[in-house]
Structures are given as structure tokens and as C-alpha cells.
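A.B. asks: Below is the sequence, then the predicted model.
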Amino acid sequence: MLKEYPKVSVMIITYNQEHFIRETLDSVVSQNYPNLEVVVADDCSKDATPEIILEYQRRYPSIVVPVLNPKNLGITGNCNAAFFACTGEFIAVMGGDDLFLPEKILRQVELFEQDPEAVISYHPVEIFNSADKKVLYVTNQLPREDLGDAYEIITKGGIPGASSVMVRRSACPEKGFDVRLPVVSDWLFYIEVALRGKVVKLDGLYGKYRKHGAGASERTYELLNESLQTLEILLVEHPNDVQLAVACKAGKARYLAGEVYRQLQKGNGKLAYSLSKQALSSQFSARYLSMLIVAFMVKIAPIIGPVASRTLHIGKTILKRFFA
């Protein structure tokens, strides 16, 4: 148990989430951690979200800090509005529709206190469907999925489940979230933090991530160029880091390959084939070559797309589980 309780800021980003924000806030204010502030940044919602935030501020005046933007700033702008309002030594990040599970804050702070070199931590998260509460899967259940440093955050496509992350404030980039990336700036932010120290995993389930078809995870192709731009920014800002350059090539290939699977499911063979060629040119592997061949077949006969995608998915799962 901690002898002292360093201040923790919980940074909540919200927009038009009146149906979820109460449950989210309840999961945070009920944490058994005594030195907590909850910074809730609302991006000029059109529903009752701001009023609910103010209600919680009245109920918990020493904990809840509303940041109500008078105009819409977008995801990255709203992230910065919350980030720069945080005063804690550690910052936990979550969306306005996600959930913390009991003791998340306490256990994560203990992890940081045990290792002064740790700058970012995460833990497994339950991904659930909002409509029926069905659990879809739990992240980080296989050793291959674990993240040990910034390079693995790149090559493995980021930290799954936004509600899992806590960072050491002193390791965060001074500029906050990069405004060149309007939507997916969190990936770059976490990489920049991780380049300044250790990435540590907290074992156990301490968060829940809600899927309801409205988040960035459902807009992967639309945001693909922004994700690839993240890697270009890293290469420009860290030109002498050879390991980073290798990781960025692998990360680019992985991101492209992931989109190929999704496009094959939709029967978009032409697009899948184009993305496959880009993935293969970034990093040659037998898997990406096989994916290129399958994409070419779907390009000719789109009707086989879902079957081809499922076959590739099964093969990928076997590789992860038995040949990691």
C-alpha cells in the first residue's frame, strides 16, 4: 500500500454522450483513491452532456473540474483542453463513454511508485458492445500482445482500449497532443511519452471500452492517412533513431494490412489490392505476400471477399497463438 498518494488527474474527453457520461463519471468518482481530480472536457455538445457534467461538479466540487468549450475544437483540440487543465503528477485518460473498474487508479499508481523510470502504463481492457452489453473480447491476453517500449507501441498498432492508459506528467510532450493530427493524435502522444522511459503493464482487468459504432475505431480507412502521418512525423523528429525507423516500417505495414482485412470483408478487392501492395513494399513477409494474392483474387471476384477475409483472419490467429 502507498504511504503517500500523489495527485492523479483523470482526463475525460466527451462530446454528445449524455447517455453514457453518468456511468463513466460514477466509475471514476467511486475509485478508492484519495487524491484525485476529474477533468471533464466537453467539446460544445448539443445534448445534455454539459449539464450533467455541471451536476457532478456540484455533487463533487473538490474532485470534478469541468472544461466546457464554448465552440467545437475537434478531438485533438478537446484533448489539449483537458490535458492542460490537469494538475496531477499522473494522468489517466478515458473517453466519455468508457468505464474504470474498482481499484484501477490505486493499482496503477502503485506500479509507477515501484518503478520511477516508468512513464506510461496500461492494463487489459474488456471490449463490450454498448447495445446488449455483450463482451466481445479482452485485450492483452497473449504474451505477443504485451507492450514493452515505444517501438512496440508502433509495431503493434498502439495501446488497445483508451481507458487503460496512465502517464507520468513529467514525461509528456510540452505541446500536448499534436494538432497536425486532428483525430488520432493519441497514438503519437503515447509514443512520445514512451520514448522517455519505461512502458509497464498492470496485470488484471481494470477498465471497459464501449463499442457503439460512433468512435474512431469504426472509421479506420477514413483515418488511415492520419495514422500513417504519425509515422512520418516520428521519422522527421527522430532522424537518428535507427530502431525507430525500423519500427515505423513495420508499423506502417501492419496498419495497411489491418485495413486490407477490413476491405476484404466488404468485398472491396481493388482497394484491398492497392493497400496490400503498399504493405508489402513497406515490409516484405510471406504473410503480406499471401494477402496480396488473396486481394488480387477478390479484386477479380468480389463475392469471395468475406470468405477470403475469414481465411486470412484464421491464419493470423493461429500464427499469434501458436507461433508467437
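C.D. replies: In hand now; what should we look at?
A.B. asks: just the helices in the stretch 201-324 of the chain please.
C.D. replies: Ranges of helices within the stretch 201-324 of the chain are 224-237, 242-265, 269-282, 286-300, 305-322, based on DSSP state H, counting those that start in this stretch.
A.B. asks: Save those helices as TSV, and put in mean neighbour count too.
C.D. replies: No exception for glycine: its C-beta is placed from N, CA and C like everyone else's. Converted to TSV, the helices of the stretch 201-324 of the chain look like this (neighbours: other C-beta atoms under 10 Å):
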stretch	mean neighbour count
helix 224-237	16
helix 242-265	20
helix 269-282	20
helix 286-300	18
helix 305-322	14
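A.B. asks: any chance of those helices in TSV, with distance to Leu188 and mean pLDDT too?
C.D. replies: Putting the helices of the stretch 201-324 of the chain into TSV (distance: least, C-beta to C-beta, whole Å; pLDDT from 0 to 100) gives the following:
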stretch	distance to Leu188	mean pLDDT
helix 224-237	5	95
helix 242-265	12	91
helix 269-282	18	91
helix 286-300	24	83
helix 305-322	26	52
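A.B. asks: Ile63: which of the ones you listed is closest?
C.D. replies: helix 224-237 (33.4 Å; C-beta to C-beta).
A.B. asks: Need the residues that contact that closest one.
C.D. replies: With contacts defined as C-beta atoms under 8 Å, 6 or more residues apart in numbering, helix 224-237 is touched by 154, 178, 180-184, 187-188, 191, 244-245, 248, 251-252, 255-256, 259.
A.B. asks: mind redoing it with 10 Å?
C.D. replies: Contacts to helix 224-237, defined as C-beta atoms under 10 Å, 6 or more residues apart in numbering, come from residues 150, 154, 157-158, 178, 180-189, 191-192, 195, 216, 220, 223, 241, 244-245, 247-252, 255-256, 258-259, 275, 278, 282.
A.B. asks: now it against helix 269-282, angle please.
C.D. replies: Computed by axes from the mean of the first three to the mean of the last three C-alpha atoms, to 10 degrees, the angle separating helix 224-237 from helix 269-282 equals 10 degrees.
A.B. asks: I'd like the distance from helix 224-237 to the chain centre, please.
C.D. replies: Computed by C-alpha atoms, centre = their mean, to the nearest Å, the chain-centroid distance of helix 224-237 equals 16 Å.
A.B. asks: could you dump that helix to PDB, C-alpha only?
C.D. replies: Below are the C-alpha coordinates for helix 224-237, written out as PDB (Å, rounded to 0.1, in the frame of the first residue of the first chain):
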ATOM      1  CA  LEU A 224      -5.600   5.700 -42.300                       C
ATOM      2  CA  ASN A 225      -3.600   8.600 -43.800                       C
ATOM      3  CA  GLU A 226      -3.600  10.300 -40.500                       C
ATOM      4  CA  SER A 227      -2.200   7.200 -38.800                       C
ATOM      5  CA  LEU A 228       0.500   6.900 -41.500                       C
ATOM      6  CA  GLN A 229       1.300  10.600 -41.000                       C
ATOM      7  CA  THR A 230       2.000   9.800 -37.400                       C
ATOM      8  CA  LEU A 231       4.900   7.600 -38.500                       C
ATOM      9  CA  GLU A 232       6.200  10.300 -40.900                       C
ATOM     10  CA  ILE A 233       6.200  12.800 -38.000                       C
ATOM     11  CA  LEU A 234       8.200  10.400 -35.800                       C
ATOM     12  CA  LEU A 235      10.800   9.900 -38.600                       C
ATOM     13  CA  VAL A 236      11.300  13.600 -39.100                       C
ATOM     14  CA  GLU A 237      11.500  14.400 -35.400                       C
END
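A.B. asks: could you give the angle of it to helix 242-265?
C.D. replies: In terms of direction (the same axes, to 10 degrees), helix 224-237 departs from helix 242-265 by 170 degrees.
A.B. asks: got the CA coordinates for the helix or strand where Ser9 lies in CSV?
C.D. replies: Using DSSP states H and E, Ser9 sits in strand 8-14. The C-alpha coordinates for strand 8-14 follow below in CSV (Å, rounded to 0.1, in the frame of the first residue of the first chain):
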residue,chain,number,x,y,z
VAL,A,8,-3.8,11.8,-10.1
SER,A,9,-5.8,13.7,-12.8
VAL,A,10,-8.4,11.7,-14.8
MET,A,11,-8.7,13.3,-18.2
ILE,A,12,-12.2,12.6,-19.7
ILE,A,13,-12.9,13.6,-23.3
THR,A,14,-16.6,13.9,-24.2
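A.B. asks: contacts for the following helix or strand past it?
C.D. replies: Next helix or strand after strand 8-14 toward the C-terminus (DSSP H and E): helix 21-29. Residues from elsewhere that reach helix 21-29 (C-beta under 10 Å, 6+ apart): 10, 12, 14, 17, 36, 38, 40, 42, 45, 47-50, 52-53, 55-57, 59-60, 63-64, 92, 94-102, 104-105, 163, 207-208, 210.
A.B. asks: Understood, closing this out.
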